[in-house]
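Visitor: For reference, the sequence and a predicted model appear below.
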Amino acid sequence: MLIKRRRGWEIPESEATPESLFRDRRRIVKAFAAGPILLAGAKALGALDFAAMAQETDPSAKLYPAAPNMKYKVKLPLTPEKDVTTYNNFYEYGSHKQISSAAQQLQIRPWTVKIDGMIEKPMTVGIDDLLKAMPLEERTYRHRCVEAWSMKVPWTGFPLKSLVDYAKPLGSAKYLEMKTFVDVKMAPGQRSFWYPWPYTEGLTIEEATNELAFMVIGLYGKPVPKQNGAPLRLAVPWKYGFKSVKSIVSFTFTDKRPKTFWEALQASEYGFWANINPEVSHPRWSQAQETDLGTQEKIPTVLFNGYGEYVADLYKDLKNEKLWA
Ligand code: MTE
């Protein structure tokens, strides 16, 4: 896994074509609908504005803009939208970073979410009905990948606690397990049989109801692009990015600690907790510093990614757990 280097064709955001000048967008959206061959042609027209395309094709587009929640302010500058939407980890579409075009195969409607396990009444709900029941807001968070790169993104979404309350878990539930879809036809990466599909993640109920745990449906004031995990993904900014599971189809309340995708693959490298700590190295990456995706500057990494005031207490009685990797 590599750190992004800006390539010759990647112009700085300040010089990128403003959205208002992107006059041919509708034609490109139609090209997407027509399939991968036309997509290659559309790519040749220039850099694609994925978030703008999502805005035109996603039924949740009318929900924007959501009111900003300034409590979780992040020091500027934000990472340019183009970097956030073209440098991605989404193994369902390949194990490299340039999966944004391939991810357009993801079909985000109809999309149902199953909520089950130790709750009062298991249910299956359509994404648009779920969103009607959730309090939407915009929050800017830092995101830190275990590969030692980071970004700052204005996400739109709702607190995961709202979904937990909606589910009405029983007192016996201790964990929340979240899974991505499985469909090899729309996610060719899932043909790689050596990965333990579906992508699975988990949190304790205390983590899931912490005020920082956030369900993302948008970024930069628009529906979240497919490559960033449409239509519903997690953001837990005090943990390494692999915890932020994308394109979620199920939430299961359980009393057993979920076995996560990366833990099942390589438990010695990726644990359940995965809290950010600059002093605990991953076997392949020092975690002392991170490369900011936008500026390419190296900056020191901070314990809990700087969110310790909100989350450190969650772990004070868990000294025997492998909290960091
Ligand atoms: N979710 C799924 N379903 N599949 C993935 O491969 N990659 C994870 C996480 N969620 C991943 C996923 C990793 S390693 C990171 S760093 C973030 O998504 C990347 O999110 P981004 O592409 O929006 O930056």
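Guide: Right, received. Where do you want to start? Numbering: from 1, shown residues only.
Visitor: residues touching the closest residue to the ligand within the chain, list them.
Guide: Of all residues in the chain, Gly241 sits closest to the ligand, at 2.8 Å by C-beta to the nearest ligand atom. For glycine as for every other residue, the C-beta is placed from the backbone atoms N, C-alpha and C. By C-beta atoms under 8 Å, 6 or more residues apart in numbering, the contact list for Gly241 reads 89, 143-146.
Visitor: any idea how far it is from Gly271?
Guide: Separation of Gly241 from Gly271 (C-beta to C-beta, to the nearest Å) stands at 14 Å.
Visitor: same check, this time on Leu314
Guide: Distance of Leu314 to Gly271, computed by C-beta to C-beta: 15 Å.
Visitor: Then Ala208?
Guide: Taking C-beta to C-beta, one finds Ala208 at 17 Å from Gly271.
Visitor: neighbour-wise, which of those two wins?
Guide: Per other C-beta atoms under 10 Å, whichever of Ala208 and Gly271 has more neighbours is Ala208, with 23 against 17.
Visitor: Quick one: end-to-end distance for stretch 208-222.
Guide: 24 Å (C-alpha to C-alpha, to the nearest Å).
Visitor: And for stretch 283-299?
Guide: Stretch 283-299 end-to-end distance (C-alpha to C-alpha) = 20 Å.
Visitor: Likewise for stretch 221-240?
Guide: 24 Å.
Visitor: Same question for that stretch: list its buried residues.
Guide: By 16 or more other C-beta atoms under 10 Å, the buried positions in stretch 221-240 come out as 222-240.
Visitor: near the ligand, which residues of the chain?
Guide: Contact residues (C-beta under 6 Å from any ligand atom) of the chain with the ligand: 88-92, 145, 180, 199, 228, 241-242, 244-247.
Visitor: Show me which of the residues you listed is closest to Arg109.
Guide: Nearest to Arg109 among these is Ser247, at 12.4 Å by C-beta to C-beta.
Visitor: and the closest one, how many neighbours?
Guide: 24.
Visitor: Then Tyr175?
Guide: Tyr175 has 21 neighbouring residues, counting by other C-beta under 10 Å.
Visitor: Might you report the residue contacts of it?
Guide: 202-205, 253-258.
Visitor: Just put those in JSON lines and tack on secondary structure.
Guide: Shown next, in JSON lines, are the contacts of Tyr175 (DSSP: H, G, I helix; E, B strand; the rest coil):
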{"residue": "Gly202", "secondary structure": "strand"}
{"residue": "Leu203", "secondary structure": "strand"}
{"residue": "Thr204", "secondary structure": "strand"}
{"residue": "Ile205", "secondary structure": "helix"}
{"residue": "Phe253", "secondary structure": "strand"}
{"residue": "Thr254", "secondary structure": "strand"}
{"residue": "Asp255", "secondary structure": "coil"}
{"residue": "Lys256", "secondary structure": "coil"}
{"residue": "Arg257", "secondary structure": "coil"}
{"residue": "Pro258", "secondary structure": "coil"}
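Visitor: nearest to Lys121, of those?
Guide: Nearest member of the contacts of Tyr175 to Lys121, counting by C-beta to C-beta, is Phe253, at 11.8 Å.
Visitor: what residues are up against that closest one?
Guide: 116-119, 167, 169-170, 173, 175-177, 205 are the contacts of Phe253 under C-beta under 8 Å, 6+ apart.
Visitor: how about a cut-off of 7 Å?
Guide: Taking C-beta atoms under 7 Å, 6 or more residues apart in numbering, we find Phe253 in contact with 117-119, 167, 169, 173, 176.
Visitor: and it, what pLDDT?
Guide: On the pLDDT scale, Phe253 is placed at 99.
Visitor: Check the one 10 residues further on too.
Guide: Each residue has a pLDDT score; the one for Glu263 is 96.
Visitor: does it really touch Glu269, like I thought?
Guide: No - using C-beta atoms under 7 Å, Glu263 is not in contact with Glu269, being 9.0 Å away.
Visitor: Name the residue in these two with the higher neighbour count.
Guide: Glu263 (21 against 14).
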